[in-house]
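Visitor: sequence isn't available, so here's the structure alone:
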């Protein structure tokens, strides 16, 4: 008889614990589902970052080889910026189709870079100074020209410059550069 009573007591404890868990669990779940939070409007309005202008001069020599000279960047924003640029060289036809073969510097073309830009391991050229609002950088490229015929007829050397800007810490040019400039003496 004691064993039966023990079983009944254990069963009663189990049922009670289950009911208590069910009540508190349901109550918590109901509270979580019913909980409402007020809507918050994002009042932050970022400044519009206007793309910089790439300034470049094209010169055609006697052999109909196009040269790109004096490539600079102009800051069109209303604030000072840091600038980085990627120089992308490829063979392209008149329709903008790109050849899968990449031109080799020193073999297929020659290029002279400006001294106020530093090439980093990520392949970008970083301007060594803050570019003020409305300001223009010194030359990224001073001269670039094709020296060898393209591997396929109808293709010529294409040198595209892609730039990115980032607003400085403050608008008066007192910020620090986000990279370590390299001395070019």
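Guide: Perfect, I can see it now. Predicted model, so just to flag it, every value in this text is computed and none were measured.
Visitor: centre-most residue in this structure?
Guide: A centroid search over the chain (C-alpha atoms, centre = their mean) returns residue 164, at 7.2 Å, as the residue closest to the centre.
Visitor: phi and psi next, for that one.
Guide: phi -140, psi 140 (degrees, to the nearest 10).
Visitor: now it, nearest residue through space, not along the chain?
Guide: Counting by C-beta to C-beta, 6 or more residues apart in numbering, residue 84 is the residue found nearest to residue 164 once chain neighbours are left out, at 5.3 Å. For every residue, glycine as well, the C-beta is placed using N, CA and C.
Visitor: let me see the contact set for the one you found.
Guide: For residue 84, the contact set (C-beta atoms under 8 Å, 6 or more residues apart in numbering) comprises 124, 125, 126, 127, 163, 164.
Visitor: quick one: which of those residues is nearest to residue 52?
Guide: For the contacts of residue 84, the residue nearest residue 52 by C-beta to C-beta is residue 163; the value is 5.2 Å.
Visitor: spatially nearest residue to the closest one (excluding sequence neighbours)?
Guide: Closest to residue 163 by C-beta to C-beta, 6+ apart is residue 85, at 4.7 Å.
Visitor: give me the neighbour count for the one you found.
Guide: Residues lying near residue 85 (other C-beta atoms under 10 Å) number 23.
Visitor: ok, and for the strand or helix carrying it, which residues are buried?
Guide: In this assignment (DSSP states H and E), residue 85 forms part of strand 81-92. Using 16 or more other C-beta atoms under 10 Å as the test for burial, strand 81-92 gives 81, 82, 83, 84, 85, 87, 89, 91, 92.
Visitor: what's the closest of these to residue 143?
Guide: For those, the nearest to residue 143 is residue 87 (12.9 Å; C-beta to C-beta).
Visitor: for the nearest residue to the closest one once chain neighbours are set aside, what is the enclosing helix or strand?
Guide: The spatial neighbour of residue 87 that comes closest, neighbours along the chain excluded (C-beta to C-beta, 6+ apart), is residue 161 at 6.0 Å. Under the criterion of DSSP H and E, residue 161 resides in strand 156-167.
Visitor: pull up the pairing partners for that strand, direction included.
Guide: strand 81-92 (antiparallel) (DSSP bridges).
Visitor: how about the helices in this protein?
Guide: Secondary structure of the chain by DSSP state H: the helices cover 2-34.
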